[in-house]
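*Asks:* pasting the sequence and the predicted coordinates here, then a few questions.
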Amino acid sequence: QVQLVESGGGLVQAGGSLRLSCAASGRTLSSLGMGWFRQAPGKEREFVAAIGRSGTTSYADSVKGRFTGSRDNAKNTVYLQMNSLKPEDTAVYYCAAKSSSGLLIKDTSAAYWGQGTQVTVSS
């Protein structure tokens, strides 16, 4: 069983930055494909970023050039660096994992989820 714990959310002004962390336990991070998803009030959960086992990344068009996903297998932790934040980035951000190959882009492919961390961007 894999446990995921997110941290790093908070309130920030538009144009600011935050770094989210997701600590994994129960399995070594190197065996997991990781992803970040978010859900805003009244909206469906959406893909944000994927970090593959080898470090390959993929991003939603809405965050490309502003967000960067990374992983530190030695610390069993993945990160999401968010720069140039916009009010429309306000959401609960979730870390997710899967043990199968390929990038975690679809939330239906995730086997494990964190509890989420709130990110609020004020205008």
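*Replies:* It's in. Numbering: from 1, shown residues only.

*Asks:* thought Ser25 was touching Val2?
*Replies:* Yes - the criterion here is C-beta atoms under 8 Å, and Ser25 meets it with Val2 at 7.3 Å. Yep, even glycine has a C-beta here, placed from its N, CA and C like the rest.

*Asks:* mind listing what Gly10 touches?
*Replies:* By C-beta atoms under 8 Å, 6 or more residues apart in numbering, Gly10 lies in contact with Leu18, Gln118, Val119, Thr120.

*Asks:* more crowded one of Ser25 and Val2?
*Replies:* A count of neighbours by other C-beta atoms under 10 Å puts Val2 above the other of Ser25 and Val2, at 18 against 12.

*Asks:* for the more buried one, what are phi and psi?
*Replies:* Dihedral pair for Val2: phi -110, psi 130, per degrees, to the nearest 10.

*Asks:* with Thr108 instead?
*Replies:* Torsion angles, degrees, to the nearest 10, at Thr108: phi -70, psi -10.

*Asks:* now do it against Arg38, distance only.
*Replies:* 16 Å (C-beta to C-beta, to the nearest Å).

*Asks:* and the nearest residue to Ala40 once chain neighbours are set aside, how many residues sit next to it?
*Replies:* Distances taken as C-beta to C-beta, 6 or more residues apart in numbering place Ala91 nearest to Ala40, at 4.2 Å, with adjacent residues excluded. By the criterion of other C-beta under 10 Å, Ala91 has 22 neighbours.

*Asks:* from Thr28, how far out is Ala91?
*Replies:* 29 Å.

*Asks:* confidence score at the residue nearest the centre of the chain?
*Replies:* For the chain, Trp36 is the residue whose C-alpha lies nearest the centre (C-alpha atoms, centre = their mean; 2.4 Å). pLDDT recorded at Trp36 is 98.

*Asks:* who's the nearest residue to Leu85 once chain neighbours are set aside bridged to?
*Replies:* Take Leu85 and drop its neighbours on the chain: the residue closest to it by C-beta to C-beta, 6+ apart is Val121, 4.6 Å away. Counting by DSSP bridges, Val121 is bridged to Val12.

*Asks:* residues contacting the most far-flung residue of the chain relative to its centre?
*Replies:* No residue in the chain has its C-alpha farther from the mean C-alpha position than Ser123, which lies at 22.5 Å (C-alpha atoms, centre = their mean). Listed by C-beta under 8 Å, 6+ apart, the contact set of Ser123 reads Ala14, Pro87.
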